[in-house]
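Asks: Here is my input, please return the structure:
(chains A and B)
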There are 2 protein chains.
Amino acid sequence: MLSDIEISRSTPLRPISDVATAIGLHSDEIQTHGQHKAKISLKALKRLENKKTGKLIVVTAITPTPLGEGKTVTAIGLAQGLFKVGQSVMTCIRQPSMGPVFGVKGGAAGGGYSQVAPMEELNLHLTGDIHAVTVAHNLASAAIDARIYHEQRKGYDDFEARTGLSALRIDTDSIVWKRVIDHNDRALRKVTVGINDEGKTINGYEREDGFDISAASELMAVLALASDLKDLRQRIGKIVIGYNLEGKAVTTEDLGVAGAMTVSMREAIEPTMMQTLEGIPTLIHAGPFANIAHGNSSIIADNIATKLADFTVTEGGFGSDMGFEKACNIKAQASDKAPDCAVIVATLRGLKANSGLYSLKPGQPIPDSMYEKDSAALEAGFANLKWHIENVTKYGVPAVVAINRFPQDTDEELLQLKSMVEALPYSVEVAVCEAFAKGGAGAVELANKVVEQCHNTPAQFTPLYRMNQPLEEKIMAVSEIGYGAASVTLSDKAQSQLAQYKALGFDNLAICMAKTPMSISTDGSVKGAPSQFDVPIRELRLCAGAGFIYALCGNVMTMPGLPDKPAFMNLDIDEDGNITGLS
Amino acid sequence: MLSDIEISRSTPLRPISDVATAIGLHSDEIQTHGQHKAKISLKALKRLENKKTGKLIVVTAITPTPLGEGKTVTAIGLAQGLFKVGQSVMTCIRQPSMGPVFGVKGGAAGGGYSQVAPMEELNLHLTGDIHAVTVAHNLASAAIDARIYHEQRKGYDDFEARTGLSALRIDTDSIVWKRVIDHNDRALRKVTVGINDEGKTINGYEREDGFDISAASELMAVLALASDLKDLRQRIGKIVIGYNLEGKAVTTEDLGVAGAMTVSMREAIEPTMMQTLEGIPTLIHAGPFANIAHGNSSIIADNIATKLADFTVTEGGFGSDMGFEKACNIKAQASDKAPDCAVIVATLRGLKANSGLYSLKPGQPIPDSMYEKDSAALEAGFANLKWHIENVTKYGVPAVVAINRFPQDTDEELLQLKSMVEALPYSVEVAVCEAFAKGGAGAVELANKVVEQCHNTPAQFTPLYRMNQPLEEKIMAVSEIGYGAASVTLSDKAQSQLAQYKALGFDNLAICMAKTPMSISTDGSVKGAPSQFDVPIRELRLCAGAGFIYALCGNVMTMPGLPDKPAFMNLDIDEDGNITGLS
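Replies: As a prediction, this is how the structure comes out:
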């Protein structure tokens, strides 16, 4: 079989304006960026307001192995399969961060015959949305340090007299707005800024700071959750960057920078349209990670797609305890549009890995024994799939299991897994999917099952909590009802933050759990379907613009590092502009 | 008169693809980004290789006041004027950095009826080139810190055994590659990175670092000086990021990151076409500042434009001691294409300011007395214009003085200035330019003078130095022949750097002076045409990829700060996407 990039380059693509108009967009709603990318104007949303809304399919997965289960491949393949069975369909996916592209993971365009193309444009810069988020975020950071510098240097009274502005009197120890960069750069996790040469003050005042990866920026969540430009502007103005000397929240609005931040993101609010290898229109919009952020593409993209197509396929990052939980509790409650069907991607090797009988590490070869028949491992690992099916069912969303077939998988084991799913006492459907090797043709069974589920089992969506519940109840709901934990333990820091946020009136926000994706629990080494575990919450972070509070569980990092042999070492370009080493 | 943005918004623009094809580009050489921007493929360069090369006009200025003399307005107006008198013409300008747009200066699109439009697209993100430079630059930074972390953590031998790579053994005190960001952010001038929580090493090792503004990145200079993608790749690989424990230079090639950096810049190498309000095709490409970098737009843009048009108007930043010096000594020697004519922009108020009899500060109103007749100030300030005319003449480039008229200027004083120029014993031409108020129609006299000069006085270009001269001679050539300084003083640090660079074989590079633009000397408070001054060189910085060595004079900063009431405070956007506060 050809490599991903060979397949991508050898597949003829249609002009993106044709793809966009064919699905029902008007030409004045399309701004092409070259032949294969287009920004879609939010004018389309207004025009289509009264049209019937199509079905929203959220692709999720079992607890992933470090190798990935092929969720994006399945999402794209399913969309191509739905088209093959005569449905009108679009996909909505997140924009890949360049940090992992250069770092570990390579690209994030899907693979085989189920890819978004051209993969090099998807994986690198795209139409600049992540850069716009990064710029807007760091503009606020520069605004914070500049304001403190000028207020302290001139004194509050002189500052007010000279500028006509009110002094903000920011407590420099209280600043919670870090800087961001779209790289894996561990050296920036913790930095000191504003260092001066001896006897000078020209660089401001010294304080501890740090960089998160841009995907973890509150602005990325804001972009993904905003409903339009007005909502974006309002959300940005609500962002709390720290507190003044009296303990009152200081916002970007107070800094006078919220308007400029929105200006920087005015093109980013428009989703970018690309296409799959089989020409399915695909909206790429926003890129929050699902471990350290809310892990779903944008509400705006979904809203456009579900008005244009009868089926919209999107994905939530990692397992159903991660992106899907947030798709339901955070995104669906913000958008008033719940998933109509969940597709849970499972693989034989992933279930065997979840048995605890194998140990898999990224970059190391898979033990051959995993591809041999091993019913014991499959049955032990099946507990994890069962957990994810039950989890999806908790939300009242009908489920279809997609077994993503690898070439080495045997029919015997695939059939065994299928029967195990069919024997469950839920109205769950199951299909083997060969979208990687065969594109949409390999996903026809899956597509038919999804159409059936949507037709036969209307979703009765119920989130795990409502916004008007107290914050601690919401944390417990996700941990105990969601993950099945026995308890939640808040650190002293988290407890005092909780009290602070409640006192400041932020009790009505959602909860965004930041935890390892490698286990349903907060300990990545615990496989399968754990129970009787505790959820330790180290820290809470207020995101008043996004409308949620992050709960950081355990040691989850908001800035990845580069490995000793990073993916960028393979990348190069020849004099004709052909990129090598991207996969 | 309408405001700049009102004029810009009320002027109908042609589709950019029409503008591009009308000047002779083929449709497969144009990638539109929306209606008003297009990337121009380097394929055009190859196709036009054997076509006659047009004239290159470099717009420069007297020593600027904090208010600016209107160099961009004059450059755009001149291009529009040339078109009015029947010439085929293009302009090539730099991409504005967002740092100053959000900070102090507002936009950089020209103004009045001589603007590049739409100004909000020019000033914000454009087609993402600066972001690509920033990403590529910081990727190298992440690569440096990751490499040191893994080598030190595993030990050199284990690192080599595990990865199959040679340990680079970087001397952590020798790293000269800082990080960059496209903001005015003084708190990032000097930072400590890699700080760990007590007893941990997961964030790498602690070291002092700092951020420059992206316009000062060596990669920005590389982008502006590269001739094609192959040259870009080679230049990037030559960048020296520091030294190993034996004192040998360590390059981005050694880090294995040069290919990926080039990949990140593969779209940035293509100039972006926009248009002026009168439809003149304008290439925007690269954005090095002229004080802390080499201050000229790209060789690639000039090469495309001079093949398509009979006249190409470009500009070098600040006065002729700054951008024009670098256009001649750095850019022209790299491109083998010298200026055919220099246009020196002067204003009555700017010359009066250069008399030393007035004091002007940005943000403060201009004293009314400056607009009243003041022959003494004009005559005293004229010494500065005379100096710049002589300076241009040193390079064998014919000069035209453009007096940029302000509404308050009197005919009497304009005529007085004109006669003073005409009385000079050089073959210099002079014209009053009203491009701001009247667009191209206000620049017809100037355009005719430029055409005449190009026709009657062919340039006999001679740079101040040749590359094969020793570095110290090149520094002296710019300082003493160029600025007219009496002496050059290298700090101890600069002296030892000079010895180091010579020992490492970098004696054949150009010199890029980093100094204040507010004086011909290195002291910004010294106005007029100073002599008998010293040029103190604090530090040298090797830019082996760009092909020059920066000489930092005095206290010049490579990262600006935000003022107490930054420009971003005026910016906002309404729900229909209209930006307010941009000028």
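Asks: Next, the distance between the ends of stretch A:476-489.
Replies: One end of stretch A:476-489 sits 10 Å from the other (Cα to Cα, to the nearest Å).
Asks: what sits up against that stretch?
Replies: Under the contact criterion Cβ atoms under 8 Å, 6 or more residues apart in numbering or on different chains, stretch A:476-489 has outside partners A:321, A:325, A:329, A:387, A:391, A:394, A:464-465, A:469, A:475, A:511, A:513, A:520-521, A:529-537. Bear in mind the C-beta positions are built from the backbone N, C-alpha and C, glycine included.
Asks: For A:Lys386, grab the count of nearby residues.
Replies: Look at A:Lys386: counted by other Cβ atoms under 10 Å in any protein chain shown, it has 18 neighbours.
Asks: Just the ones of the contacts of stretch A:476-489 in strands?
Replies: A:511, A:513, A:534-537 (DSSP state E).
Asks: Kindly indicate which of those residues lies nearest chain B.
Replies: Nearest to chain B among these: A:Pro536, at 17.2 Å, using Cβ to the nearest Cβ.
Asks: For the closest one, which residues are in contact?
Replies: A:Pro536 is in contact with A:488-489, A:491, A:522, A:553-554, counting by Cβ under 8 Å, 6+ apart.
Asks: Out of the residues you listed, the closest to chain B would be?
Replies: Each of the contacts of A:Pro536 was scored against chain B by Cβ to the nearest Cβ, and A:Gly554 proved nearest at 13.9 Å.
Asks: Do I have it right that that closest one meets A:Ser521?
Replies: No - the pair A:Gly554 and A:Ser521 fails to qualify as a contact (Cβ atoms under 8 Å) at a distance of 9.4 Å.
Asks: For the two, indicate the residue with more neighbours.
Replies: A:Ser521 (27 against 15).
Asks: didn't the more buried one look like it was pressed against A:Gln532?
Replies: No - using Cβ under 8 Å, A:Ser521 makes no contact with A:Gln532, being 9.6 Å away.
Asks: low-scoring stretches of the stretch 1-150 of chain A, by residue?
Replies: A:105-107 (pLDDT under 70).
Asks: need the strands for it, in chain order.
Replies: Per DSSP state E, counting those that start in this stretch, the stretch 1-150 of chain A carries strands over the ranges A:30-32, A:38-40, A:55-61, A:89-93, A:110-111, A:114-117.
Asks: and the stretch 151-300 of chain A, which of its residues are near chain B?
Replies: A:154, A:159, A:162-163, A:165, A:181-197, A:202-204, A:208, A:228-230, A:233, A:256-257, A:259-260, A:262-264, A:266-267 (Cβ under 8 Å from any Cβ of the partner chain).
Asks: So how do I select the buried members of the residues you listed in PyMOL?
Replies: Here is the PyMOL command that selects the buried residues among those (16 or more other Cβ atoms under 10 Å in any protein chain shown):
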select buried, chain A and resi 154+159+163+165+181+182+183+184+185+186+187+188+189+190+191+192+193+194+195+203+204+228+229+233+256+257+259+260+262+263+264+266+267
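Asks: So which of the residues of the stretch 151-300 of chain A next to chain B sit within helices?
Replies: Among these, the ones falling in helices (DSSP state H) are A:154, A:159, A:162-163, A:229-230, A:233, A:259-260, A:262-264.
Asks: any chance of the residues you listed in JSON lines, with pLDDT too?
Replies: Formatted as JSON lines, these follow (pLDDT from 0 to 100):
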{"residue": "A:Lys154", "pLDDT": "94"}
{"residue": "A:Phe159", "pLDDT": "97"}
{"residue": "A:Arg162", "pLDDT": "95"}
{"residue": "A:Thr163", "pLDDT": "95"}
{"residue": "A:Leu229", "pLDDT": "97"}
{"residue": "A:Lys230", "pLDDT": "97"}
{"residue": "A:Arg233", "pLDDT": "98"}
{"residue": "A:Gly259", "pLDDT": "98"}
{"residue": "A:Ala260", "pLDDT": "97"}
{"residue": "A:Thr262", "pLDDT": "98"}
{"residue": "A:Val263", "pLDDT": "97"}
{"residue": "A:Ser264", "pLDDT": "97"}
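Asks: My read is that A:Val89 contacts A:Val313, right?
Replies: Yes - between A:Val89 and A:Val313 there is a contact at 6.7 Å, judged by Cβ under 8 Å.
Asks: For burial, what's the neighbour tally of A:Lys326?
Replies: 27.
Asks: for the one 4 residues further on, same thing?
Replies: For A:Ile330, the number of neighbouring residues by other Cβ under 10 Å comes to 25.
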